Structures are given as C-alpha cells and as structure tokens.
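> got a structure for you, letters missing:
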C-alpha cells in the first residue's frame with residue numbers, strides 16, 4: 001500500500017533524531033537550551049520526552065529531501081552541543097549501559113560492582129548487554145555488614161563509626177570490590193531504599209554511590225524518594241552515569 005500511496009500523493013519526508021541527556025531535569029534543560037530552541041528552523045520541531053533520570057530531546061525535520069534534512073539536523077546538533085555538553089550521553093538507540101560498555105572496550109578497562117541497596121540491579125543492567133563479558137568481571141551483593149567486611153574489605157571501624165550508609169563505607173566498598181575481583185574500576189551503592197528504615201540524620205532515600213578507578217575514587221550522595229523500586233532504579237542509573245563521566249574524563253570519546 002505504501003508504495004502506491006507514494007506514487008499517487010506527494011508525501012513529505014520526515015526525519016527523526018533522538019538526543020539523550022542525563023543528570024539535568026526537564027525544566028532546567030529547557031531553560032539552558034532556550035536560545036538554541038528559539039533559533040530552530042521552522043521545518044525542525046523539538047519535543048521533550050522526560051523519563052526517570054534522563055530527558056530525551058526528539059528533533060523532527062519535515063521536507064522533501066532526506067539528505068538535506070539529515071544535514072539540517074546535524075547542523076543543529078552541533079549548535080545544541082554548545083549548551084548541553086556533558087549532559088548528552090547518546091543518540092537514538094543508545095542506552096546508558098551500552099554507552100558505558102563501549103567506553104570500557106575502547107579504553108581496555110574492566111568493571112565490577114558492589115551493591116547493597118540496589119540488590120544486583122546495576123549488575124543486571126550491565127549484563128543485559130550482549131558482549132558484556134568483555135569488560136564486566138562480576139558483582140558482590142553485600143546486604144549485611146558482615147559481608148561488607150568479609151567480602152569487600154570494609155573496615156569494621158568505618159561501619160561502626162559512620163554506618164553502612166555513608167561516604168566512607170561506599171568508598172571502601174568500591175575499592176574493595178575492585179581489589180577483590182581484580183577489575184580496573186569498581187562501583188558501589190549503599191543506602192536506605194525504603195519505605196522504612198530511615199532516621200532523622202539519614203531519611204528514606206538517602207543513598208551513597210561511588211566509583212573507584214585507577215586514578216581516584218569519586219563519591220556522591222543522592223537524596224531520593226520514599227518509593228523503593230524508584231530509588232533502586234534511579235540509583236542504578238546514577239552510578240552508571242558516574243562511571244560514564246569518569247571514563248569520558250579518563251580519555252573516552254564523547255557521543
């Protein structure tokens with residue numbers, strides 16, 4: 001049917017391009033790229049597609065020549081990058097785990113995970129990608145403090161002084177899994193996923209993530225929600241983005 005329609009009617013050509021950003025909310029992103037959006041050609045439209053932890057920008061160009069539309073969109077992407085550099089992690093079919101995998105392969109590095117509050121979700125996201133065995137070594141899900149000590153070499157004094165949900169503990173978890181499993185990079189999660197278990201100092205949604213690479217160990221505190229599944233998913237995204245950012249800093253090519 002479609003070939004016959006194209007023979008009878010003068011149908012336009014439509015070209016879509018998806019830009020995937022992470023680490024910035026929709027409203028902040030809209031404010032940041034407003035000057036760029038206002039100068040878009042009339043035949044190129046922009047749509048915001050927000051999701052958990054990320055915002056997709058869909059560019060839709062309408063015209064008569066696919067080649068010309070692709071060039072127009074490519075030119076606009078060069079302008080867009082001036083505003084969203086550092087927040088863009090991929091395009092079209094790219095996912096965060098695939099991008100991390102490509103960066104690890106390009107730099108010849110391996111990765112392991114130490115998980116507490118995420119319960120293996122991060123490892124699941126990584127191993128959902130075909131060929132992940134080229135760079136993923138393994139994972140330790142250490143829920144009890146005893147396992148953090150025995151398997152991840154977290155110091156008992158650290159746990160007693162700062163608690164399992166702390167910058168100090170998650171740092172030692174990332175370093176410990178890297179050393180124990182023999183990977184180049186170790187990432188770790190520890191927090192209160194909820195809906196119970198929070199305290200005044202550490203309410204539900206308090207989560208620490210860490211990435212330990214050959215050069216340094218980076219940490220970040222997340223203040224999330226009361227919904228357990230959302231917290232687990234968001235934390236997994238955040239720690240994968242943390243390792244992506246470090247890989248880019250260490251010499252990986254940006255998308």
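Looks like it arrived, so ask away. Just so you know, these numbers come straight off a predicted model, no measurement behind them.
> Tell me which stretches of the stretch 101-250 of the chain form helices.
121-127, 145-152, 156-162, 167-181, 228-249 (DSSP state H, counting those that start in this stretch).
> Return the most buried member of the ones you listed.
helix 167-181 (a mean of 23; mean count of other Cβ atoms under 10 Å). The way it works is simple: take the backbone N, C-alpha and C, and place the C-beta from them, glycine included.
> Give the other helices and strands that it contacts.
strand 111-115, strand 136-141, helix 145-152, helix 156-162, strand 185-191, strand 206-212, strand 217-223 (3 or more Cβ pairs under 8 Å, 6 or more residues apart in numbering; DSSP states H and E).
> follow-up on the earlier one: okay if I get the helices of the stretch 101-250 of the chain as TSV plus distance to residue 203?
Below are these laid out as TSV (distance: least, Cβ to Cβ, whole Å):
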stretch	distance to residue 203
helix 121-127	21
helix 145-152	20
helix 156-162	17
helix 167-181	16
helix 228-249	12
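> Export those helices as TSV, with columns for distance to residue 27 and mean pLDDT.
Below are the helices of the stretch 101-250 of the chain laid out as TSV (distance: least, Cβ to Cβ, whole Å; pLDDT from 0 to 100):
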stretch	distance to residue 27	mean pLDDT
helix 121-127	27	98
helix 145-152	38	97
helix 156-162	35	97
helix 167-181	29	98
helix 228-249	18	97
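> Which of these sits closest to residue 137?
The closest of the helices of the stretch 101-250 of the chain to residue 137 is helix 167-181. By Cβ to Cβ, the value is 4.8 Å.
> where's the closest one relative to the chain centroid, distance-wise?
20 Å (Cα atoms, centre = their mean, to the nearest Å).
> what's in contact with it?
With Cβ atoms under 8 Å, 6 or more residues apart in numbering as the test, helix 167-181 has contacts from 112-114, 116, 137-140, 142, 148, 151-155, 158-159, 161-163, 183-190, 208-212, 217, 219, 221.
> From the residues you listed, list the buried ones, please.
112-114, 116, 137, 139-140, 142, 148, 151-152, 154, 158-159, 183-190, 208-212, 217, 219 (16 or more other Cβ atoms under 10 Å).
> So for residue 41, which of the helices and strands packed on helix 167-181 sits nearest?
strand 217-223 (38.7 Å).
> Taking helix 228-249 as reference, get the angle to the closest one.
Angle, strand 217-223 to helix 228-249, by axes from the mean of the first three to the mean of the last three Cα atoms, to 10 degrees: 150 degrees.
> Sheet partners, orientation included, of strand 217-223?
If you go by DSSP bridges, strand 217-223 pairs up with strand 206-212 (antiparallel).
> got the contact list for residue 139?
Residue 139 neighbours (Cβ under 8 Å, 6+ apart): 112-115, 120, 122-123, 177.
> and which of these is nearest residue 80?
For the contacts of residue 139, the nearest to residue 80 is residue 122 (29.6 Å; Cβ to Cβ).
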